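Undergrad: Turn this into a structure:
(2 chains)
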Protein chains: 2
Amino acid sequence: MTPRKLVYAFADGFADGRADMSAQLGGKGANLAEMCLMGLPVPPGFTLTTDVCTHFNAHDRAFPEGLKTQVEAALERLSEDIGMVFGDIKNPLLVSVRSGSRASMPGMMDTVLNLGLNDETVESMAAKTGDARFAWDSYRRFQQMYGDVVMGIDHDYFEDIIDDYKFENSLSLDADLAADDWRYICTRFGDMMEQEAGHPFPQDVHAQLWGAIGAVFDSWNNRRAQTYRKLHDIPDDWGTAVNVQSMVFGNLGQTSATGVAFTRNPSTGAKEIYGEYLINAQGEDVVSGIHTPLYLTKTAREEAGTPDLSLEESMPDAYSDLVQVFAQLESHFCDMQDVEFTIQNGRLFILQTRNGKRTVMAGLKIAVDMVAEGVIDQEAAVLRVEPEALEQLLHPTLDPRAKVTVLTKGLPASPGAASGKIIFSADHAEEMAAQGEKLVLVRMETSPEDIHGMYAAQAVLTSRGGMTSHAAVVARGLGRPCVSGAGQLIIDYDTKTARIGQGESAIELAEGDVITVDGTSGRVMAGEVATLEPELSGDFGTLMGWADAASRMKVRTNAETAAEAKRARKFGAQGIGLCRTEHMFFDAQRIFQVRQMILAQDEAHRQTALEALEPEQRSDFVELFKIMDGLPVTIRLLDPPLHEFLPTPDDNVEALAEALGQSPKALRATITAMAESNPMLGHRGSRLAITSPDIYAMQLRAIFGAMKDAGANPQVEIMFPLISEPRELAMLLDMVPDIAKPFGIAETAYQLGTMIEVPRAALLADELAAQVGFFSFGTNDLTQTTFGLSRDDAGGFLPHYVAKGLLDRDPFSQLDERGVGGLMAMAVEKARATRADIKLGICGEHGGDPSSIGFCESLGLDYVSCSAFRVPIARLAAAQSAIRARTKS
Amino acid sequence: MTPRKLVYAFADGFADGRADMSAQLGGKGANLAEMCLMGLPVPPGFTLTTDVCTHFNAHDRAFPEGLKTQVEAALERLSEDIGMVFGDIKNPLLVSVRSGSRASMPGMMDTVLNLGLNDETVESMAAKTGDARFAWDSYRRFQQMYGDVVMGIDHDYFEDIIDDYKFENSLSLDADLAADDWRYICTRFGDMMEQEAGHPFPQDVHAQLWGAIGAVFDSWNNRRAQTYRKLHDIPDDWGTAVNVQSMVFGNLGQTSATGVAFTRNPSTGAKEIYGEYLINAQGEDVVSGIHTPLYLTKTAREEAGTPDLSLEESMPDAYSDLVQVFAQLESHFCDMQDVEFTIQNGRLFILQTRNGKRTVMAGLKIAVDMVAEGVIDQEAAVLRVEPEALEQLLHPTLDPRAKVTVLTKGLPASPGAASGKIIFSADHAEEMAAQGEKLVLVRMETSPEDIHGMYAAQAVLTSRGGMTSHAAVVARGLGRPCVSGAGQLIIDYDTKTARIGQGESAIELAEGDVITVDGTSGRVMAGEVATLEPELSGDFGTLMGWADAASRMKVRTNAETAAEAKRARKFGAQGIGLCRTEHMFFDAQRIFQVRQMILAQDEAHRQTALEALEPEQRSDFVELFKIMDGLPVTIRLLDPPLHEFLPTPDDNVEALAEALGQSPKALRATITAMAESNPMLGHRGSRLAITSPDIYAMQLRAIFGAMKDAGANPQVEIMFPLISEPRELAMLLDMVPDIAKPFGIAETAYQLGTMIEVPRAALLADELAAQVGFFSFGTNDLTQTTFGLSRDDAGGFLPHYVAKGLLDRDPFSQLDERGVGGLMAMAVEKARATRADIKLGICGEHGGDPSSIGFCESLGLDYVSCSAFRVPIARLAAAQSAIRARTKS
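TA: Now for the predicted structure:
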């Protein structure tokens, strides 16, 4: 039996591995192998696979069987390749030992350089390079690094020795120390290390190597690596590979150098070499910030107006090699590369290449350019851009150069940044805005009554509520930046002040104070912070066109107003997937009629109120139908509990009482009596229509009337919310044709459907599907009911769940595939088995979340629907899901 | 091809049908057939099957093919059997046409008697009987009945003719009218009928017959029959059979009689003939109440002290035949029979037999006696008693002889009846009760804070809330009668008054007024109404013993206090299935500490409060463990949201603020801030322990301490509520062993489990089952989340759903098998696949509902748990389910 291959060698023109083996070799190791196969100048070495890491961590730091032998063989081969011998006194081979996981985790794990130096090899290195100071300096650096990483000795101990030595010898800078100084310090280091660690610094280079390998594997589980993985969704069981690579030195004098470079400009995407380098330096010097690195190209140097020569000028041959390598790398990896290189005595070595990080704008440009260059095809370009990142292009953003004073943080509930004066009341906000004031509406939480104030304000800040609270959902719909659930904020409406924090450090805010809200990061800042306006470039449009061509699912929008509908079409929405008719009721003029309708004590008053509302709803629909001519428009009949439309008993109810001919006291009592313990689960949605069919009847008349009036041809879809029982649905469907008839609307002119938003609807989806033409998954409510979790009340515990790893993500942001998704899958299967051509969509917040959209693709849904500002993101995510699904099958 | 058999004949010693064919023949028809087969004296006839009814109703009153032929054949045979010919002028056969459905629907459908009389046959009947008056009286009765039932002529028209005739002829009583008078009236009837109906009363007896058959089938769908079916859960598609039977006459003189009898006493169950009869009368005379019927037995007559002879004395031969028939019927049908008989000229005929309705007490006695008599076996006896009916035996009931003035009605939320003075505050109730007052606590709704007042009161009345509202659940647990959701009741706490109704008819109630609450019927009555105390007879114990022997599932109780636990054991509970630890927190003394714990601003105050609570919880558990020695005790850790323990901001919070060292204003603000939008779906259950593990830690210490102290050996089961995620459960389970250790409690000494009460827990039941020893289905919450339906808010619409047939039953009363049950079945399957021996139970309200218990049996659950007063009902239901399951397989 061949033992499992645990060590993969790479050298000039040869490698055991390949670029697509990053699962075993890590990204760095796989790309080193690939570059060797490409014939690029890479210092040879070998990679220990991630399997070794997994075994090592699972078996109390024991290495798997056969590893030692494989490493010895690789070392031997390396020595042959390079003509130097590991541990040899005369011709010692030095190596670096670096981590390298499947996903990039920059700086999270440990590295050991110059490994192979000891009291003997340092001498031969001095002799060989003719630079004793370089050799001893390298040795002491190795000791420090090894002491820290492998032996666990705090770096202060090393610094103290150096400082003491300088003090004793009246030296001040490291540069003042000569070879003998470093030699002496190395001895002191050795003594100290033995004392601190209880065992000496190993002189045996093999012991050094195994110590370093173990330490790098250990560093997979250090705290910062764990945190990074949690933040970036990297599984704990992937493990890291370890790369052992022969050292090259950029600090061997004026013909040596080291640098980092991007094959294109990562900020703008322009096709130009971008990066920096330092002569006579090691990689860490470039990134440390101690020295100011120099430009790579003459153009860049001239633009910056600096006299220091660029690499193009100082080492034209090496530069020309580098340009050559860059061209090879880009055409090979088909993407912009982020490269580390070293020039040792005029000879170029490539130490690492990887796909370079870039701004969204640059990413767009590079993807579109590369299609034009024939490097990649359109679908590859579509896959290149992170959908979520498009958000940045659609909203004003904080100017990164601006200085900010963060007052507090909340949840990033609706993206974008805006500044304004604090205002605590929606009504007041509307008045002030009419006078031209820029405002930030600050509320404990918002209710449907606050919508006009949210619209009037530049941004919204709440002290309660989650990512899908009323404030968050409405703000996203309105395109207003919103920070929700800023729990530190204590608001006192009476005094029109707010407080952050306790005691002396408390910050007091008053109405009129200017603050800036960044709904992208969740930060609340003092004063006005400069922002940058979004600019949709031509590349954006090009890429979105390719995305739509690649998609299977349609992307619709959740919209009620003409403004939202128009914006959504501008963003490419292919119809309305959710028109929440109740939003049309909250209009300041109409709410009075709505309240009369709800509170009327007799049928006549009630009918009068309904009749007054009907033409208004009808004209709203006419507008939407015109904007969405030829496209589907899904109208959800009234959903929330009626008491949500009522004032609170503490509000001024005199005018309403007078209109209703009741005493204010009696009216307050009625309002109190209508309150529900759990309104989310209360008398709402289709349940309203079972007890009071006249509201839905009015809405249906308004819809059919609007179809007649609009002079357009939208595909009207009428949706019944909160259905939990097939017979309930049947009773409601039954009322529709009779209402349509007087308008001359045939049953074929519209479709009827239901939302699947409680588990029972999913469980009985076959019976529901038998009755309707479409389903829309209302995953906000479905998530609430499946978990038994109120999104408005989740702020007190859901973040703990995510922080403690009890849930991977907030299930209101990213669809819970195991639970909620299980119900959806069941519903899809049952529905399609009953009615193969049933149209299936999603209209919860998840309809704008790329990962959830991927799940919808896997379920085979027909469309997703989301707020206007999420439409481009959803279009891109839908395209990527479709491409990935095609590739997989 | 043989045509489908639609007509089943029966005659002396012969029948096409049998007793077990009630689906086709209806109960009456099947039993008539069976009696013929037994050789009993039954007037011969035939039955048209329920299929005919179904066809008739589905095909616009068209009879199925072949029916006419089959009826003709049956008529011919009947004529032969009886020696009379239908429609024959000389020797006419008269028949009755009666409905008879699968389930008894007494008086709901129509009947036609004396069919076959016309202007000719009436004469031969007069000649044959020698009684012209009898013949013409029979004819006019037939005309009236036919006119009403078949021709749809209001009975007033007939009465008017008779009254006019009497007036014209100065006659006053029916008895004053002679044969010729009736003959004349018959003519007038005929004229009137033709005028009213637009066609004449049919002289053709076949036309009469088909008219009557059609009318009886029509009457299946009359309004009162539909209502009755809805009330008694009888499917609309069963249809009725029609029985055509030769007439016998109990009104042919002094040797004829008619009567109804039970083979045992239906009130007491005593083995004695019980019933009444009338000489020279028809069946309708016995039940009409116009004549006072006489006793059947001499003993009964003597006991009543009446001189009118009993049947035993007046017609000893017929009586002796009857006794003989009764013995045969009981031993044949193995149950008490309810029999209708007629004696025609000294000859006994049995017209109907069916299992007799009886009181619960009688039912118990009859079942137990019949086992002793060897008529049925123990399991049959167990199946004889309706579990729900046992309720009557366990609570005080209204004295049925008492006169009542019903003020209003609500939901029958907790059974039993009690009287007392109205009191509007729980605190006040406690004070007054201490002074010996009997009280009825009247609240809009109750909260956990009112428990001491509910306990102090005799009964509870609320104007809001459903069958599973807080008031209902707690009242059932406490054994207090409760009427909830009495929506007409408008309470004004300020003035301590309540109002029912509007305007002049409004009833005003004030604190101190005496009312009576009947939680069994939902009625609220004025003043004190006499009640009867429950008495558990020896038969009860005997039957329950047989039930337990037949059961597979165990029955446990939901109990927190020693009193409840003791009562439950008295009622036969086999352990505690749900100990809601939060109920222990609501004690008036403790709540103050609980509030301090919740509202403490620093860790020290919080710990102090927790430490004060621990010994109290511990001593509660000690008591329960002693009472439940050797039995399982499932303790659910704290479940409700913490703010439920807090006073409302309107309450007096001064004392609490002082204890906490805070200002009342600040405290009120904190309390307001803790309120949740949807507490049902909020920060509660295990979610509390994820954010604040110290409360569960305290409870666990109290449990383990109590195990050490109790000196008893209960099987302790610790249950984590509201789990929605396997990792959440894992984290909590993880804390237990370390807490148990200091008490010397091994991990084998207790079991850990979780509730399945949100859909996600059911969906991920396999992952949960891998971690715990038991599941308890919390079907109250599972119903709420599966439907997306708050039980506290359902009062406004759920009754509409049931009334309109959109739901068969209130899903909080009877488990929703299609939806909630589907999730349960999924969870059971997944759980058992992971851990075959996992213990599965139910602790929602459904655990005490017989139909739901049957469903639990079908799922193979191990136990059900319910409130103490439901335990006997659950035991019986569990036994019946097990017996039925065994019989089926």
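
Undergrad: From here on, just use CA atoms for contacts and neighbour counts.
TA: Noted.

Undergrad: Make sure residue A:499 is indeed in a strand.
TA: Yes - under DSSP: H, G, I helix; E, B strand; the rest coil, residue A:499 sits within a strand.

Undergrad: beta partners for it?
TA: Residue A:499 has these beta-bridge partners by DSSP bridges: residue A:490, residue A:508.

Undergrad: Assess the claim that residue A:782 and residue A:820 are in contact.
TA: Yes - between residue A:782 and residue A:820 there is a contact under CA atoms under 8 Å: 6.8 Å.

Undergrad: For the closest residue to residue A:259 other than its chain neighbours, give the beta-bridge partners.
TA: Computed as CA to CA, 6 or more residues apart in numbering or on different chains, the closest residue to residue A:259 that is not its neighbour in sequence is residue A:277, at 3.9 Å. Residue A:277 forms beta bridges with residue A:259, residue A:294, as assigned by DSSP bridges.

Undergrad: Please list all residues in contact with residue A:277.
TA: Neighbouring residues of residue A:277 by CA atoms under 8 Å, 6 or more residues apart in numbering or on different chains: A:257-260, A:286, A:293-296, A:311.

Undergrad: So for it, what's the pLDDT?
TA: You'll see residue A:277 listed with a pLDDT of 92.

Undergrad: Look up how far chain B lies from it.
TA: Per CA to the nearest CA, to the nearest Å, residue A:277 is found 49 Å from chain B.

Undergrad: What separation is there between that residue and residue A:301?
TA: Relative to residue A:301, residue A:277 is positioned 12 Å away (criterion: CA to CA, to the nearest Å).

Undergrad: and if you look at residue A:750?
TA: 66 Å.

Undergrad: ditto for residue A:824
TA: The spacing between residue A:824 and residue A:301, counted by CA to CA, is 58 Å.

Undergrad: More neighbours: which of the two?
TA: Shown here are residue A:824 and residue A:301; by other CA atoms under 10 Å in any protein chain shown, residue A:824 has more neighbours (24 against 19).

Undergrad: Is it correct that the more buried one falls within a helix?
TA: Yes - according to three-state DSSP, residue A:824 belongs to a helix.

Undergrad: So what touches the helix or strand hosting residue A:431?
TA: Assigned by DSSP states H and E, residue A:431 falls within helix A:426-434. Helix A:426-434 is touched from outside by A:423, A:439, A:441, A:450-454, A:456-457, with contacts defined as CA under 8 Å, 6+ apart.

Undergrad: now do stretch A:367-386
TA: Contacts for stretch A:367-386 (CA under 8 Å, 6+ apart): A:331, A:334, A:360, A:363-364, A:539, A:542-544, A:546-547, A:550, A:876, A:879-880, A:883.

Undergrad: Same question for stretch A:619-627.
TA: Outside stretch A:619-627, the residues touching it (CA under 8 Å, 6+ apart) are A:560-562, A:565-566, A:584, A:633, A:702-703, A:706-707, A:709-714.

Undergrad: and it, which residues are buried?
TA: Counting neighbours by 16 or more other CA atoms under 10 Å in any protein chain shown, one finds that the buried residues in stretch A:619-627 are A:619-627.

Undergrad: from these, which ones fall inside strands?
TA: Assigned to strands by DSSP state E, none of these qualify.

Undergrad: Looking at those, which are in helices?
TA: A:619-627 (DSSP state H).

Undergrad: Let me have those residues in CSV, adding pLDDT as columns.
TA: Below are these laid out as CSV (pLDDT from 0 to 100):
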residue, pLDDT
A:619, 94
A:620, 94
A:621, 97
A:622, 97
A:623, 96
A:624, 97
A:625, 97
A:626, 97
A:627, 97
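
Undergrad: low-confidence ranges in chain A?
TA: Confidence mapping of chain A against pLDDT under 70 gives the ranges A:1-3, A:286-291, A:468, A:535-537, A:649, A:889.

Undergrad: Could you measure from the most centrally placed residue in it over to chain B?
TA: Nearest to the mean C-alpha position of chain A, by CA atoms, centre = their mean, lies residue A:388 at 5.9 Å. To chain B, residue A:388 is 27 Å away according to CA to the nearest CA.

Undergrad: you'd agree that residue is in a helix?
TA: Yes - per three-state DSSP, residue A:388 lies within a helix segment.

Undergrad: Pull the contacting residues for the nearest residue to it once chain neighbours are set aside.
TA: Using CA to CA, 6+ apart and skipping the chain neighbours, the partner closest in space to residue A:388 is residue A:873 (6.1 Å). With contact taken as CA under 8 Å, 6+ apart, residue A:873 is in contact with A:387-388, A:390-391, A:848-850.
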